[in-house]
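*Asks:* coords below, sequence missing:
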């Protein structure tokens, strides 16, 4: 199974402009992501719409593709980049992994988990979830910026929501995390078969997607099979300068635990 990881990286960001080029432990964030992912796949490529990011990736000898600045989502940027790579190299891939350019601590186990989903022939798209634990606290469970997922009997996604799902009728909310019911937090790592990626980028928005502002609902509404793997590894994303400070601290802790990174 041939895999390609595409890393969308935009310079413009409302909360943190220039985020991919922010320095983390002496390297740009996008370089941290690239260097984590490249050894785990057959090909890794950064997809950007900004010359500064393009030049930075070339500067550390990474592969990079310039894409349109008009894309409405990272998924659309991934599709354009994948098409350009295939045309340039004359090579197709079995699985395309969309790795966010602000996830410098993505783990090899997470990449392997989404790859494993494609051993199931029904899989159009793969993604990951992490169980909520009691120590996470009710506030984390209720946070609408942390989408939740319910799974079917065959590890397929049934629904994604910003609300807590399932709702536990007859159980006091403060007891939900100790009730025995497992709640799953969505981790935004996706992988696609090429034909599935082509389909999802051609689909118009759907009512559920608009209601919850979650594009994966568009895929479910159109009957696509999203296979899910459960992991217990938390990602450390960088959305704000404050997140970068926390990432620096996390990196220092990793260095102390494992030696130089």
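*Replies:* Arrived safely, thanks for sending. Since this is a predicted model, take the numbers as computed values, not measurements.
*Asks:* Could you identify the longest strand within the protein?
*Replies:* Counting by DSSP state E, the longest strand found in the chain is strand 184-192.
*Asks:* If you count neighbours, what's buried in that one?
*Replies:* 184, 185, 186, 187, 189, 190, 191, 192 (16 or more other CB atoms under 10 Å). Yep, even glycine has a C-beta here, placed from its N, CA and C like the rest.
*Asks:* Sheet partners, orientation included, of that strand?
*Replies:* strand 95-98 (antiparallel), strand 125-131 (antiparallel), strand 148-151 (antiparallel) (DSSP bridges).
*Asks:* per-residue confidence averaged over the second one?
*Replies:* What that stands for is strand 125-131. In this model, strand 125-131 has a mean pLDDT of 97.
*Asks:* and for the next helix or strand after that strand, what are the contacting residues?
*Replies:* Where DSSP states H and E defines the elements, the next helix or strand beyond strand 125-131 is helix 138-142. The list of residues contacting helix 138-142 from outside it, by CB atoms under 8 Å, 6 or more residues apart in numbering, reads 132, 146, 148, 164, 173, 174, 176, 177, 183.
*Asks:* Next: stretch 76-95.
*Replies:* 1-4, 6, 8, 10, 42-43, 45, 47, 49, 65, 67-68, 71, 96, 98, 115, 118, 191-194, 197-198, 201.
*Asks:* related to what we said a few turns ago, reformat the strands paired with strand 184-192 as CSV; add mean neighbour count and distance to residue 160.
*Replies:* Below are those laid out as CSV (neighbours: other CB atoms under 10 Å; distance: least, CB to CB, whole Å):
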stretch, mean neighbour count, distance to residue 160
strand 95-98, 24, 16
strand 125-131, 22, 9
strand 148-151, 20, 5
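*Asks:* Turn those strands into JSON lines, columns for distance to residue 56.
*Replies:* Formatted as JSON lines, the strands paired with strand 184-192 follow (distance: least, CB to CB, whole Å):
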{"stretch": "strand 95-98", "distance to residue 56": "20"}
{"stretch": "strand 125-131", "distance to residue 56": "28"}
{"stretch": "strand 148-151", "distance to residue 56": "34"}
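*Asks:* can you tell me which of those strands comes nearest to residue 18?
*Replies:* strand 95-98 (21.3 Å; CB to CB).
*Asks:* how far out from the middle of the chain is the closest one?
*Replies:* 10 Å (CA atoms, centre = their mean, to the nearest Å).
*Asks:* what mean pLDDT does that strand have?
*Replies:* Here strand 95-98 scores 98 as its mean pLDDT.
*Asks:* Please work out which helix or strand belonging to this protein has the smallest mean pLDDT.
*Replies:* Among the helices and strands of the chain, helix 241-258 carries the lowest confidence by mean pLDDT, DSSP states H and E, at a mean of 83.
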